[in-house]
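Student: coordinates only, no sequence provided:
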């Protein structure tokens, strides 16, 4: 893990880094956000994964990081998914993205394409997240024995569910807005507390599909937040709810409201 | 409305009152909780309704009031339901309660008895809530044009859904944990923002029944909070969520966390 730049604003230090990929060619670019005041010593870590077509510094990512770091004093890290952000697209990426655009233009369901492509990306990304966590835990301000959360919606859930299913270092996770195909079997192995977001009027993921994935988690402590509205209308207050969820489970203390 | 006592603790003034019932014989006892510091002038009002077998000062009621008054600066009022708390039980109340205990002891579903008895109680209680709101809006610290919310779970939802369906002064409501029979038709006339709680492992109300009632609300802005656990295990953090919901919708400002 090599840090390549550092900036600071609004009480948050932002460090860009690269990490060798264990699965794809080249380096994985990432960003680590940390509290500017490190007086408190070690702090919990939340790993995030961005949505499909987005990237590590998309406003949804930096907005969540601002809440987690400035609001709860956590460290937050996210990396570009394969074929996303600063990373090159393979011919396979190009073909799948073209197929998605074709299905969308033809008014066909996006689900089959997205589920298949996300599964491919998750196979590459899961070992990258494991390597990311290994590297971050070597930093003195994070350490090897602190609590670690995972937060990913949409494609972030497609990566996060198989990652968390096999990663005992993750002790709480926020997921949401994905089809149960492929993921439900892995969700049955997840037992840590989870919060799951779904949209009641999602034009891509049916209510039955959303509820089926939530139901699959083996966690004794799990919460489902359903909101009226379409796929892209997930209310912003769910980000505040997720921050409170992590504050409850990673520190045992309620975070100040944003 | 006659105030009969006043105490003050932890920043909250508690006033007990009675109100003539428009539907049942005798007076309806109630309690009004208000911020001890009235420097801010008028404040929003939340009407609450308690659960079956409970009463106006049950810890669930006083706990929610403490959060709403001390946390958000609201006024909060609740009255004993017919046959509950300080109110006399009629022969009909006694018979229905006996039938509920009989069904429970026999391992039969409670739903049919509870749905029927709650509908009877709601017919009496809805005009009482209307009279309560009329009386409270005459108080200078509440006034006739301020925002008003409603919060009732279980039997509180059985009373609240028909009340809110015909009461344009209610502008936001928190409901939960009830069967859709009787209520779903009324819920279709409710358009204000709602938050709805259900338990994923409720031994009395099936998932399909809970989801059906949530689905029935005509509100364009509605949120469903599902938590793992049985009927009586609704997590306490849902009370904090409800307070934030009212703070968002009755004041447009996020409440401080409890």
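Tutor: Thanks, I have it. Since the model is a prediction, treat every value here as computed from it, not as a measurement.

Student: helices and strands of chain A: which one bottoms out on pLDDT?
Tutor: None of the helices or strands of chain A scores lower by mean pLDDT, DSSP states H and E than helix A:72, at a mean of 92.

Student: what mean pLDDT does the very next helix or strand once past that one get?
Tutor: Using DSSP states H and E, the helix or strand that follows helix A:72 in sequence is strand A:75-79. For strand A:75-79, mean pLDDT is 98.

Student: which residues of the stretch 101-250 of chain A fall in helices?
Tutor: When assigned using DSSP state H, counting those that start in this stretch, the helices of the stretch 101-250 of chain A occupy the ranges A:111-136, A:155-165, A:183-187, A:207-216, A:237-246.

Student: as a markdown table, those helices with distance to residue B:141 and mean neighbour count would be great.
Tutor: The C-beta positions use only the backbone N, C-alpha and C, and glycine is treated the same way. As requested, the helices of the stretch 101-250 of chain A are exported to a markdown table (distance: least, C-beta to C-beta, whole Å; neighbours: other C-beta atoms under 10 Å in any protein chain shown):
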| stretch | distance to residue B:141 | mean neighbour count |
| --- | --- | --- |
| helix A:111-136 | 53 | 19 |
| helix A:155-165 | 47 | 27 |
| helix A:183-187 | 50 | 20 |
| helix A:207-216 | 43 | 18 |
| helix A:237-246 | 29 | 22 |
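
Student: reformat those as JSON lines; add mean pLDDT and distance to chain B.
Tutor: Converted to JSON lines, the helices of the stretch 101-250 of chain A look like this (pLDDT from 0 to 100; distance: least, C-beta to the nearest C-beta, whole Å):
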{"stretch": "helix A:111-136", "mean pLDDT": "98", "distance to chain B": "21"}
{"stretch": "helix A:155-165", "mean pLDDT": "98", "distance to chain B": "17"}
{"stretch": "helix A:183-187", "mean pLDDT": "98", "distance to chain B": "13"}
{"stretch": "helix A:207-216", "mean pLDDT": "98", "distance to chain B": "7"}
{"stretch": "helix A:237-246", "mean pLDDT": "97", "distance to chain B": "7"}
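
Student: name the element residue A:64 belongs to?
Tutor: Using DSSP H and E, residue A:64 sits in helix A:59-66.

Student: centre of the chain to the helix or strand following that helix, how far?
Tutor: Sequence order places helix A:72 as the next helix or strand after helix A:59-66, per DSSP H and E. Taking C-alpha atoms, centre = their mean, to the nearest Å, one finds helix A:72 lying 18 Å from the centre of the chain it belongs to.

Student: hmm, helix A:72 touching chain B?
Tutor: No. Helix A:72 lies apart from chain B when judged by C-beta under 8 Å from any C-beta of the partner chain; the minimum separation is 11.4 Å.

Student: residue A:19 - how many residues pack around it?
Tutor: Per other C-beta atoms under 10 Å in any protein chain shown, the neighbour tally for residue A:19 reads 19.

Student: skipping adjacent residues, who's closest to it in space?
Tutor: Once flanking residues are discounted, residue A:19 sits nearest to residue A:28: 4.7 Å by C-beta to C-beta, 6 or more residues apart in numbering or on different chains.

Student: who in the stretch 51-200 of chain A is up against chain B?
Tutor: Counting by C-beta under 8 Å from any C-beta, the stretch 51-200 of chain A comes close to chain B at residue A:200.

Student: indicate the residue of the stretch 51-200 of chain A located nearest to chain B.
Tutor: The stretch 51-200 of chain A approaches chain B most closely through residue A:200 (7.3 Å), counting by C-beta to the nearest C-beta.

Student: surely that residue touches residue A:224?
Tutor: No. If you go by C-beta atoms under 8 Å, residue A:200 and residue A:224 don't touch, sitting 11.1 Å apart.

Student: give me the buried positions along the helix or strand containing residue A:94.
Tutor: Secondary structure assignment for residue A:94, by DSSP H and E: helix A:91-105. Residues of helix A:91-105 classed as buried by neighbour count (16 or more other C-beta atoms under 10 Å in any protein chain shown): A:93, A:96-97, A:100, A:103.

Student: how long is stretch A:218-230 end to end?
Tutor: Using C-alpha to C-alpha, to the nearest Å, the end-to-end distance of stretch A:218-230 comes to 27 Å.

Student: what sits up against it?
Tutor: A:176, A:187-203, A:210-211, A:214, A:233-235, A:238, A:241, A:245, B:200, B:214, B:219-228, B:235 (C-beta atoms under 8 Å, 6 or more residues apart in numbering or on different chains).

Student: and these, which of them are in strands?
Tutor: Using DSSP state E, the members of the contacts of stretch A:218-230 that fall in strands are A:176, A:194-199, B:222-227.

Student: which pair of those residues spans the longest distance?
Tutor: Farthest apart among these by C-beta to C-beta are A:194 and B:222. That separation is 22.1 Å.

Student: so which of those two has more stuff around it?
Tutor: Neighbours per residue (other C-beta under 10 Å) separate residue A:194 from residue B:222, with residue A:194 holding more: 27 against 24.
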